[in-house]
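Chemist: After the sequence you'll find the predicted model.
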Amino acid sequence: MTAESGSHGVIGFGYEGTDQAAFVTSLARSGVGLLVDVRLNAISRKQGFSKRGLAQALADSGIGYEHAPELGNPSWNRAGFSGSDAEVTSARITYRQLIRSGKASARIDEIAKAAATGLVAVLCVESDERHCHRYVVLSEVRGRLPHFVRAVS
């Protein structure tokens, strides 16, 4: 999880293996101003990571929260992200096709625009983003970010 620059860009965060307090502290220390939750359903069996509780903890630390269900990975495509290299590649291709138009594409533009002026974190469960759909989201945002950086300069 590295930022594009010290004050703006986009980074990925997974909450697997951490608790809410440590997670929020890590975001705050990284300088994150906005967290975009790309889980299809922002619920969790892990205490503190469902939408309302997480949003409140983030707000208490001065971090914005947005749920982007249009960037969620459908359940039928999730297994591929924990499979072999070939299965991960296939799941990424499938997911990328799903988010290339409509509301999902517009949301990626919104994230890129926000990342042009501040540090945005993209959230899902997986600690290793290479095995998560947020890897694709981050790639798409980073690909669009130069356009928005020029636009706000």
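Modeler: Nice, thanks for sending it over. Keep in mind that this is a model prediction, so the values were computed, not measured.
Chemist: average pLDDT across stretch 71-88?
Modeler: The pLDDT scores in stretch 71-88 average 96.
Chemist: Can you pull out the residues in contact with it?
Modeler: 36, 38-41, 90-92, 94-95, 98-99, 104, 107-108, 126, 130-133, 137 (C-beta atoms under 8 Å, 6 or more residues apart in numbering). The way it works is simple: take the backbone N, C-alpha and C, and place the C-beta from them, glycine included.
Chemist: quick one: the strands in this structure?
Modeler: With strands called from DSSP state E, the chain shows them at 9-14, 34-37, 64-67, 119-124.
Chemist: Out of those, indicate the one that is most buried.
Modeler: Among these, strand 119-124 has the highest mean neighbour count (mean count of other C-beta atoms under 10 Å), at a mean of 25.
Chemist: Residue 52 is nearest to which of the strands of the chain?
Modeler: strand 64-67 (9.7 Å; C-beta to C-beta).
Chemist: Sheet partners, orientation included, of that closest one?
Modeler: Strand 64-67 sits in its sheet next to strand 34-37 (parallel), going by DSSP bridges.
Chemist: Let's see the PyMOL selection covering just the buried ones among the contacts of stretch 71-88.
Modeler: Command for PyMOL that selects the buried part of those, burial taken from 16 or more other C-beta atoms under 10 Å:
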select buried, resi 36+38+39+40+91+92+94+95+98+99+104+107+108+126+131+132+133+137
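Chemist: re the thing from before, same list, the strands of the chain, but as JSON lines with distance to residue 77 and mean pLDDT please.
Modeler: What follows is those, written out as JSON lines (distance: least, C-beta to C-beta, whole Å; pLDDT from 0 to 100):
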{"stretch": "strand 9-14", "distance to residue 77": "17", "mean pLDDT": "96"}
{"stretch": "strand 34-37", "distance to residue 77": "18", "mean pLDDT": "98"}
{"stretch": "strand 64-67", "distance to residue 77": "19", "mean pLDDT": "98"}
{"stretch": "strand 119-124", "distance to residue 77": "13", "mean pLDDT": "97"}
